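> Below is the sequence, then the predicted model.
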Amino acid sequence: MGLLDGAGFSLPVFNEIEIIDVKINVTDSARNAMKLSMNNDDDTHVLIISAESGGCSGYLYDMKITEDPKDDTFQRIDVDGVSILIHNKDSALLNGIELDYKDTLMGGGFQIKNPSADRECGCGQSFG
């Protein structure tokens with residue numbers, strides 16, 4: 001049997017992505033920490049928050065400061081002059097999150113609370 005009869009041949013599966021207008025809550029401590037992390041580069045750099053496959057609950061949060069990609073597949077949220085970008089593909093997963101910052105000796109840093117997550121890992125880094 002060859003490829004022409006369809007045996008052992010499959011087409012890729014595409015899932016339609018639901019795009020939601022993302023709304024997030026940023027606490028005062030997270031706002032201050034974002035400003036400090038930007039080192040006055042907030043006119044050229046942005047904070048990108050994304051959801052990556054992996055972790056013990058299905059998805060991992062990822063945050064990075066990078067040069068503004070000026071890409072219209074991202075939703076831009078302005079927080080006191082700092083731009084937060086969330087890719088349209090992640091909009092359904094990240095809509096409604098709360099970005100917080102804790103300054104503690106153990107486990108400090110940015111933290112994300114996701115009220116729409118069905119499950120979260122004990123470490124708070126993965127959700128599903």
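In hand now; what should we look at? Numbering: from 1, shown residues only.
> so where do the helices sit in the protein?
Ranges of helices within the chain are 28-38, 91-94, based on DSSP state H.
> okay, those, which one's buried deepest?
The highest mean neighbour count among the helices of the chain, using mean count of other CB atoms under 10 Å, belongs to helix 91-94: a mean of 20. C-beta coordinates here come from the backbone N, C-alpha and C atoms, glycine included.
> quick one: contacts of that one?
17-22, 24, 49-51, 59, 75, 86, 114, 116 (CB atoms under 8 Å, 6 or more residues apart in numbering).
> how about it as PDB, C-alpha atoms only?
Extracted as PDB, the C-alpha positions of helix 91-94 are listed here (Å, rounded to 0.1, in the frame of the first residue of the first chain):
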ATOM      1  CA  SER A  91      -6.200  35.200  25.700                       C
ATOM      2  CA  ALA A  92      -8.700  32.600  26.900                       C
ATOM      3  CA  LEU A  93      -6.200  31.100  29.300                       C
ATOM      4  CA  LEU A  94      -5.000  34.400  30.800                       C
END
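> Give the bridge partners for the residue nearest to the spatial centre of the chain, please.
In the chain, the centroid-proximal residue (CA atoms, centre = their mean) is Ser50; its distance is 2.1 Å. With DSSP bridges as the criterion, Ser50 is bridged to Asp62.
> what ranges of this structure fall below the confidence cut-off?
Scanning the chain with the threshold set as pLDDT under 70 gives 1-15, 55-57, 107, 119-128.
> can you do 80?
Along the chain, segments meeting pLDDT under 80 span 1-17, 54-58, 105-108, 116-128.
> related to what we said a few turns ago, OK, contacts around the residue nearest to the centre of the chain?
61-63, 86-87, 90, 94.
> Surely Pro115 is in contact with Gly96?
Yes: assessed by CB atoms under 8 Å, Pro115 is found in contact with Gly96 at 5.4 Å.
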